[in-house]
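Chemist: Fold the following for me, if possible:
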Amino acid sequence: MADERAADPRHGPTRDRESRVSAIDEPKPAPVDLPHDDEGMDEEAPQLRVTRRSVLLFLLFVASALAFLYFVLPQIAGLDETWGRIEEGDPWWLAAAAVFTVLSFLGYVTLFRGVFRDAPRIDMRASYQITMAGLAATRLFAAGGAGGLVLQAWALRAAGMARRRVADQTLVFLMLTYIVYMSALVICGFGLRFGVFSGPDSFALTVVPALFGLLVIVVGLLCSAIPTDLQRRLDGYAQRTGRVGRIAQRLANGPAAISAGIRGAWVHVRQGDPALLGSIAYWAFNIMVLWAAFHAFGGAPPGAVLVLGYFVGMLGNLLPLPGGIGGVDGGMIGAFAAYGVDIGTATVAVLVYRAFAFWLPTIPGAIAYFQLRHTVQRWRDERRQQRVAEMHAATA
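Modeler: I've put the predicted structure just below:
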């Protein structure tokens, strides 16, 4: 056996020489396993590629939309004195609208803080910065606030949340937000239809919105029955069927994530989490801004009509327009006109509501965005210092 080892070149002088060199090398420190909260520390903030042309086009669009809403639309509707009516609004009711705007976004911040209370570094101050900066991003992106969600995800990753955790909790946040929306459509729609609330009871204006809300709720409940680990369960199928199975496995990630979000939201509801009160406050005070705007120019429609017209009009936010400019305004005015509200009063009230709920938070939202960038940089500096300390401790 010894002769065989001697004849084997792997055990000859070269091998011994390599062993001696390796022995005198200074030992390398063991790699430090960084916690998951460092995965997103170097991700860049989502930014718009701003050029002079894009800025000019955006400003032109906003100016055109506002000109149409404030000047052309009143002319079409025969409301030549709309602008004058806006200037003659009751200042006390307009002041109330401003207060309700603040309370609405305070509810939104409370909801965010409640959902992400377990996230590292997300205190009330950070929650304010993330949500208000998200508002500014929503003004620049289309499709129902997608820009705000992108910014929110970036901030949470920078705070230290793992990517999957960010996705799951964001879905919980959305579910808790929009369950109030859909529930209001169902309650007010069927309530008007069956005479529980005063107002029009036509099928198209009451049952159709109610059925839409009910359908969304039912589909959500059915999705909650999907296993949250569906992707893992398809491992065997993917291995047996090849490419088709792998595609099916990837597609399964979406339904599984939705199921996890719905289940997480249900936990908050079942436990009576105050975060749900934040969602209710956000929508309720937002509608009260519109209610105060109506009162500033004569009077508000019945409560159920106000709520239903508001939520039906908000569907215009899904149009690919920056912040829903034009889509939400026109949608609300058209909805209230369909519900029998005087179109002149509806036009003035909706335009004033949008001034408070849409334009007023834009300035603090932009300020919050720059504050958030400084906060994220501070988080990064703190975690880099912690990582260096951990590496030094591992090599000591």
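Chemist: what's the single longest helix in this structure?
Modeler: helix 362-395 (DSSP state H).
Chemist: Arg113 is in contact with Arg125, isn't it?
Modeler: No - here Arg113 lies out of contact with Arg125, judged by C-beta atoms under 8 Å, at a distance of 9.8 Å. Yep, even glycine has a C-beta here, placed from its N, CA and C like the rest.
Chemist: rewinding a little: flag every buried residue along the longest helix of the chain.
Modeler: Neighbour counts over helix 362-395 (16 or more other C-beta atoms under 10 Å) mark Pro364, Gly365, Ala366, Ala368, Tyr369, Gln371, Leu372, Thr375, Val376, Trp379, Arg380, Arg383 as buried.
Chemist: what's the closest of those residues to Arg193?
Modeler: Gly365 (38.4 Å; C-beta to C-beta).
Chemist: now the buried residues of helix 362-395 in CSV, with distance to Gly298 and pLDDT?
Modeler: Output for the buried residues of helix 362-395, formatted as CSV (distance: C-beta to C-beta, whole Å; pLDDT from 0 to 100):
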residue, distance to Gly298, pLDDT
Pro364, 30, 86
Gly365, 31, 84
Ala366, 34, 82
Ala368, 35, 89
Tyr369, 38, 86
Gln371, 40, 90
Leu372, 41, 90
Thr375, 45, 91
Val376, 47, 89
Trp379, 50, 86
Arg380, 53, 85
Arg383, 56, 80
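Chemist: Can you say which helix or strand has the most centrally placed residue in the chain in it?
Modeler: Among the residues of the chain, Leu149 comes closest to the average C-alpha position under C-alpha atoms, centre = their mean, at 4.1 Å. Applying DSSP states H and E as the criterion places Leu149 in helix 146-159.
Chemist: Send over that helix as PDB, restricted to the C-alpha atoms.
Modeler: What follows is helix 146-159, C-alpha atoms only, in PDB (Å, rounded to 0.1, in the frame of the first residue of the first chain):
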ATOM      1  CA  ALA A 146     -48.600  51.700  -9.000                       C
ATOM      2  CA  GLY A 147     -45.900  54.300  -8.600                       C
ATOM      3  CA  GLY A 148     -46.600  54.600  -4.900                       C
ATOM      4  CA  LEU A 149     -46.400  50.800  -4.500                       C
ATOM      5  CA  VAL A 150     -43.000  50.700  -6.200                       C
ATOM      6  CA  LEU A 151     -41.600  53.400  -3.900                       C
ATOM      7  CA  GLN A 152     -43.100  51.700  -0.900                       C
ATOM      8  CA  ALA A 153     -41.500  48.400  -1.800                       C
ATOM      9  CA  TRP A 154     -38.100  50.100  -2.200                       C
ATOM     10  CA  ALA A 155     -38.300  51.800   1.200                       C
ATOM     11  CA  LEU A 156     -39.300  48.600   3.000                       C
ATOM     12  CA  ARG A 157     -36.500  46.600   1.300                       C
ATOM     13  CA  ALA A 158     -34.100  49.400   2.400                       C
ATOM     14  CA  ALA A 159     -35.500  49.200   5.900                       C
END
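Chemist: From the contact counts, what lies against that helix?
Modeler: helix 124-140, helix 163-193, helix 362-395 (3 or more C-beta pairs under 8 Å, 6 or more residues apart in numbering; DSSP states H and E).
Chemist: list the buried ones in that helix?
Modeler: Quick answer for helix 146-159 (16+ other C-beta under 10 Å): 147-159.
Chemist: that older thread, tell me the angle of the longest helix of the chain relative to helix 124-140?
Modeler: With axes from the mean of the first three to the mean of the last three C-alpha atoms, to 10 degrees defining the directions, helix 362-395 sits at 130 degrees from helix 124-140.
Chemist: Out of the helices and strands in this protein, which is least certain?
Modeler: helix 13-24 (a mean of 42; mean pLDDT, DSSP states H and E).
Chemist: Is Pro120 in a helix, a strand, or coil?
Modeler: At Pro120, secondary structure determined by DSSP: H, G, I helix; E, B strand; the rest coil is coil.
Chemist: Go ahead and confirm it touches Ala162.
Modeler: No - using C-beta under 8 Å, Pro120 makes no contact with Ala162, being 10.6 Å away.
Chemist: so where do the helices sit in the stretch 151-300 of the chain?
Modeler: Per DSSP state H, counting those that start in this stretch, the stretch 151-300 of the chain carries helices over the ranges 163-193, 203-223, 230-233, 235-241, 243-251, 253-270, 274-296.
Chemist: Could you identify which of these is most buried?
Modeler: Of all these, helix 274-296 has the most neighbours on average by mean count of other C-beta atoms under 10 Å, namely a mean of 22.
Chemist: Tell me how far it lies from the chain's centre.
Modeler: Relative to the mean C-alpha coordinate of its chain, helix 274-296 is positioned 18 Å out (C-alpha atoms, centre = their mean, to the nearest Å).
Chemist: Same question for stretch 209-224.
Modeler: 20 Å.
Chemist: go on, stretch 307-319?
Modeler: 17 Å.
Chemist: Pull out the buried residues from it.
Modeler: Val307, Leu308, Gly309, Tyr310, Phe311, Val312, Gly313, Met314, Leu315, Gly316, Asn317, Leu319.
Chemist: Backbone dihedrals for Phe297, please?
Modeler: phi -130, psi 20 (degrees, to the nearest 10).
Chemist: Give me the pLDDT for the closest residue to it other than its chain neighbours.
Modeler: What sits nearest to Phe297 in space, not counting adjacent residues and going by C-beta to C-beta, 6 or more residues apart in numbering, is Val348, at 4.9 Å. Looking at Val348, its pLDDT is 86.
Chemist: Please give the element, helix or strand, for Val348.
Modeler: According to DSSP H and E, Val348 maps onto helix 343-354.
Chemist: what angle separates that helix from helix 274-296?
Modeler: Computed by the same axes, to 10 degrees, the angle separating helix 343-354 from helix 274-296 equals 140 degrees.
Chemist: And helix 343-354, what does it pack against?
Modeler: Applying 3+ C-beta pairs under 8 Å, 6+ apart, we find helix 343-354 packed against helix 82-87, helix 91-115, helix 274-296, helix 327-338.
Chemist: re the thing from before, so the residue nearest to Phe297 makes contact with His295?
Modeler: No - using C-beta under 8 Å, Val348 is not in contact with His295, being 11.6 Å away.
Chemist: how many neighbours does the nearest residue to Leu315 once chain neighbours are set aside have?
Modeler: Spatial nearest neighbour of Leu315, excluding adjacent residues (C-beta to C-beta, 6+ apart): Gly331 at 6.2 Å. For Gly331, the tally of surrounding residues (other C-beta atoms under 10 Å) stands at 22.
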